[in-house]
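J.: structural data only, the sequence is not supplied:
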């Protein structure tokens, strides 16, 4: 666990004083200004327990007006701020690096309203994903995305990291589903675009700027989100196949035959399966195969859905894409089968250390990174495996070792990022850049003018650089390098 | 038709000289530098024939490098630029107001590639929508949006106006479908984000900034667009009902019963129907009703699709939502029925002048604007009607008159924008702001800080204000007011 590491605190930023704390207490009352070292611990520590900040104060606003007043004070006093949602991020973006003031959104958890006919929910940023889903469920709607961390991650964090998840193939990205936003800017101004129209072409679409900005352009305080109708029928196919070309053939067939009903298309290799079966004791419905896929459909008519699934399975057997497979529409069986995919990282890390990389490629290239990494690490005691949202071209490359020594780690990074960049991939599909990957950002879309435009927008919206400093892009006011943080996330969904 | 009207040319902008023309000719060859007044005519005139610019030169680049070189020259010489696609825009955004250099994208019409498995097409910005659709059709894919102007509108223009169209309810907005972009910035730098991954969380999602920016932040030169699988089955229901509450009930039932297959949900009132039947001689499949709806489904299985449609129609009859209705899966009949919706504006404007407003509201409020406008105009010889993409909460309010006198027009505007704003609507659902609506932009999302943030981003990305000036936002360097342009679009889709 690190605190600041090789990175130096920006000298231009203000330092928290007792006077500041008193101003915050006057604003929020004492009970919502956390200063006890014991209570600060969990806010300062990221979910991966890789990074620990040194913040001396957590503020817990209940209203957008309070967030605005906080930002006015911080802007006046040049105090850096780290906005924090459920603190489930995987790139060190949600905890302070030094003494940034933590603004926790956890008390802003009102659901403002649901429009059943329009299919939208308006809520405050601190709402927990699973709670919002339960709420809209009562109106026959569902949240358009599903994340492993749904029990604790918050809507504001989902937006700020542009979270992907399991059902993007069907319901689209956050860009597709974010219909309105409310955000507090660096100077305390409130940007209110909460009308939530499905169509609204009145000037620049500013709400989209906050997707994936990881709290560096403003603090998201509210959102309007598209909610599709809850499906009447859900089915799941669990398939085993010989090689990666069969995975691609199955995906092609699924797009044709399951088409509008396909809601998830996941892949895992045999190393992943052996981990959940061997280490966690889960039961596989199939014998051993080199590759496995989980395909889920969500549809409005049970009979049609099951008919499509059965035809699909028959076609896969007939065209030789799969060696074996099973289909179920039974909710408890669906849940059990999903665990085989969802608990992979837990299985892999049961008695090893694990590094996970979240990468996107064109589908045909997705598994090449595994071969490349196995070749590179063949003289090391390390196991390389792969799982992921293959329908979206998004794979999670997992590397297990007893201990990641500096020399082993040097074999892996920056190789994995370079290989990805050279092969037209993305070094962060859904987890973001945060603290851990910002030194590799030039391996994302090249350098200028992409990086320059990002910097210009950051400078325009937060000239003093007080919003979540040391994250996403390197500020010119930072003097030291931060290579200490060039680590990948240890855990992954 | 106006040329500049009450608006004054910005004095800080450069003036085209023979020397500039020679530099452009050296860059592009004479054949791609248009200077003859006769040839300039169509480029200077907008599709509505409401605005005529006075540009003296049209440049027709074939490559992004040429666009970049053009912008370097214009930036050096402070020459204003009006990027132009198919020139089918409805808010005066695609023609110059004064002597801006027109950069026509029509020669950049290469389709770069199709990824059949990923479901994407990469193309240059000058590609015509219908041509791209025909191209991806051969690979079993379709473009995710359909516009009335598809035979001439271009991809770059679709992006720059964030075009909506008929199938947004199913396939999502441009935000959902734009996966990559290439754009030339004001200084000539090329922003290249053409990797086109479905998931890519590496820094700010800059491509989204160009959606709806109407050429004011950069010239879009290429794009990667999500293409869903082409449907195997298409069905269409044409329904007649008593009142607007039946329209809403039908939409509710459609969302439940047609669900994932629903691809269009359109509405028109009896004034619209009488125009296409009475003035254009089209044949309605139904007797007279107060309201009509067109619902289309696109699905992968003909039998399932038809079964869903039949059940849907039976339910509507049973619950009393409709008075009459017909369903077809026959392509020629589907085309014929679509004409009843698509040719409304043509029918309404056959022997009258027509003003059309493109508005979004919450569904329950959509038809209230018609009642409000009828009440307001009851002493005038004007007919108010309504059609639109009701599934998206997007209506087109149409007003017919023999002649829109200044006094009649003053009754309509700014009333229509004020009413929309006060009732939580959007004054431009899918057409944009352009030249005509920019003075009403404060009736879009309030004033500061929304408008200020827009201005700050514009200033950052185009400090000299040379990209499509006089459009979207008012530049402080403009001195005169431009109330002359406070007109709505005359034609509409």
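T.: That came in fine, so what should we check first? These numbers come from a predicted model, not from an experiment.
J.: residue A:23 touches residue A:72, doesn't it?
T.: No. Counting by Cβ atoms under 8 Å, residue A:23 does not reach residue A:72; the two are 10.3 Å apart. In this view, the C-beta of every residue, glycine as well, is placed from N, C-alpha and C.
J.: the longest helix belonging to chain A and chain B in contact?
T.: In terms of residue count, the longest helix belonging to chain A (DSSP state H) is helix A:302-318. Yes. Using Cβ under 8 Å from any Cβ of the partner chain, helix A:302-318 reaches chain B at A:304, A:307, A:308.
J.: only the buried residues of the helix or strand hosting residue A:444, if you could.
T.: Taking DSSP states H and E as the criterion, residue A:444 maps to helix A:442-445. Under the neighbour-count criterion of 16 or more other Cβ atoms under 10 Å in any protein chain shown, helix A:442-445 has A:443, A:444, A:445 buried.
J.: same question, stretch A:421-430
T.: When neighbours are counted by 16+ other Cβ under 10 Å, the buried residues of stretch A:421-430 are found to be A:421, A:425, A:426, A:427, A:428, A:429, A:430.
J.: isn't there a helix covering residue A:222?
T.: No. Secondary structure of residue A:222, determined by DSSP: H, G, I helix; E, B strand; the rest coil: strand, with no helix assignment.
J.: gap between it and residue A:154?
T.: Shown here: residue A:222 relative to residue A:154, a distance of 12 Å by Cβ to Cβ, to the nearest Å.
J.: got any residues that touch both of the two?
T.: Counting by Cβ atoms under 8 Å, 6 or more residues apart in numbering or on different chains, the residues touching both residue A:222 and residue A:154 are residue A:125.
J.: look at those two and report which has more neighbours.
T.: The residue with more neighbours, out of residue A:222 and residue A:154 and counting by other Cβ atoms under 10 Å in any protein chain shown, is residue A:154; that gives 30 against 25.
J.: what number of residues are in the vicinity of the closest residue to that one other than its chain neighbours?
T.: When the adjacent residues along the chain are set aside, residue A:154 lies closest to residue A:85, with 3.6 Å between them (Cβ to Cβ, 6 or more residues apart in numbering or on different chains). Number of residues near residue A:85 (other Cβ under 10 Å) recorded here: 29.
J.: hang on, residue A:85 packs against residue A:93?
T.: No. Here residue A:85 does not reach residue A:93: they are 10.1 Å apart, not a contact under Cβ under 8 Å.
J.: what is in contact with these two at once?
T.: Both residue A:85 and residue A:93 are contacted by residue A:160, under the criterion Cβ under 8 Å, 6+ apart.
J.: how far does the helix or strand bottoming out on mean pLDDT in chain A sit from the chain's center?
T.: Evaluated with mean pLDDT, DSSP states H and E, the helix-and-strand set of chain A has its lowest mean pLDDT in helix A:442-445, which scores a mean of 80. Chain-centre distance of helix A:442-445: 19 Å, with Cα atoms, centre = their mean, to the nearest Å.
J.: please apply the same query to stretch A:249-264.
T.: Relative to the mean C-alpha coordinate of its chain, stretch A:249-264 is positioned 24 Å out (Cα atoms, centre = their mean).
J.: cool, stretch A:195-214 as well?
T.: Using Cα atoms, centre = their mean, the offset of stretch A:195-214 from its chain centre is 20 Å.
J.: any idea how many residues pack against residue A:456?
T.: Using other Cβ under 10 Å, the number of residues around residue A:456 comes to 16.
J.: which one is it nearest to, not counting chain neighbours?
T.: Among residues not flanking residue A:456 along the chain, residue B:460 sits closest, at 4.9 Å (Cβ to Cβ, 6+ apart).
J.: what sits against that neighbour?
T.: When the contact criterion is Cβ under 8 Å, 6+ apart, the partners of residue B:460 are A:456, A:457, A:459, A:460.
J.: check which residues of the strand or helix carrying the last one are buried.
T.: Counting by DSSP H and E, the secondary-structure element that holds residue A:460 is helix A:450-461. When neighbours are counted by 16+ other Cβ under 10 Å, the buried residues of helix A:450-461 are found to be A:450, A:451, A:453, A:454, A:455, A:456, A:457, A:458, A:460, A:461.
J.: and stretch A:18-36, by the same measure?
T.: Buried residues in stretch A:18-36, counted by 16+ other Cβ under 10 Å: A:20, A:21, A:23, A:24, A:25, A:27, A:28, A:32, A:33, A:34, A:35.
J.: pLDDT score assigned to the last one?
T.: The score at residue A:35 is 98. That number is its pLDDT.
J.: what sits against the closest residue to it other than its chain neighbours?
T.: Sequence neighbours aside, residue A:57 is the residue nearest to residue A:35 in space, at 5.5 Å (criterion: Cβ to Cβ, 6+ apart). Under the criterion of Cβ under 8 Å, 6+ apart, the contact list for residue A:57 reads A:16, A:20, A:21, A:24, A:33, A:34, A:35, A:40, A:101, A:102.
J.: contact partners for residue A:247?
T.: A:241, A:267, A:291, A:293, A:367, A:390.
J.: looking at those residues, which has the most residues close by?
T.: The most crowded member of those is residue A:267, carrying 29 neighbours; neighbours defined as other Cβ under 10 Å.
J.: pretty sure that one sits against residue A:292.
T.: Yes. With contacts counted by Cβ under 8 Å, residue A:267 reaches residue A:292, the gap being 7.1 Å.
J.: show me what the host helix or strand of residue A:357 is packed against.
T.: With elements taken from DSSP H and E, the one containing residue A:357 is strand A:353-360. Counting contacts by 3 or more Cβ pairs under 8 Å, 6 or more residues apart in numbering or on different chains; DSSP states H and E, the secondary-structure elements packed against strand A:353-360 are helix A:344-348, strand A:394-401, helix A:415-422.
J.: and the contacts of the first one?
T.: With contact meaning Cβ under 8 Å, 6+ apart, helix A:344-348 is reached by A:268, A:271-272, A:275-276, A:278-280, A:282, A:354, A:356, A:385, A:387, A:396, A:398, A:400, A:491-493.
J.: for the stretch 51-200 of chain A, which segments count as helices?
T.: Taking DSSP state H, counting those that start in this stretch as the test, the helices found in the stretch 51-200 of chain A are A:64-77, A:129-137, A:155-160, A:168-171, A:174-177.
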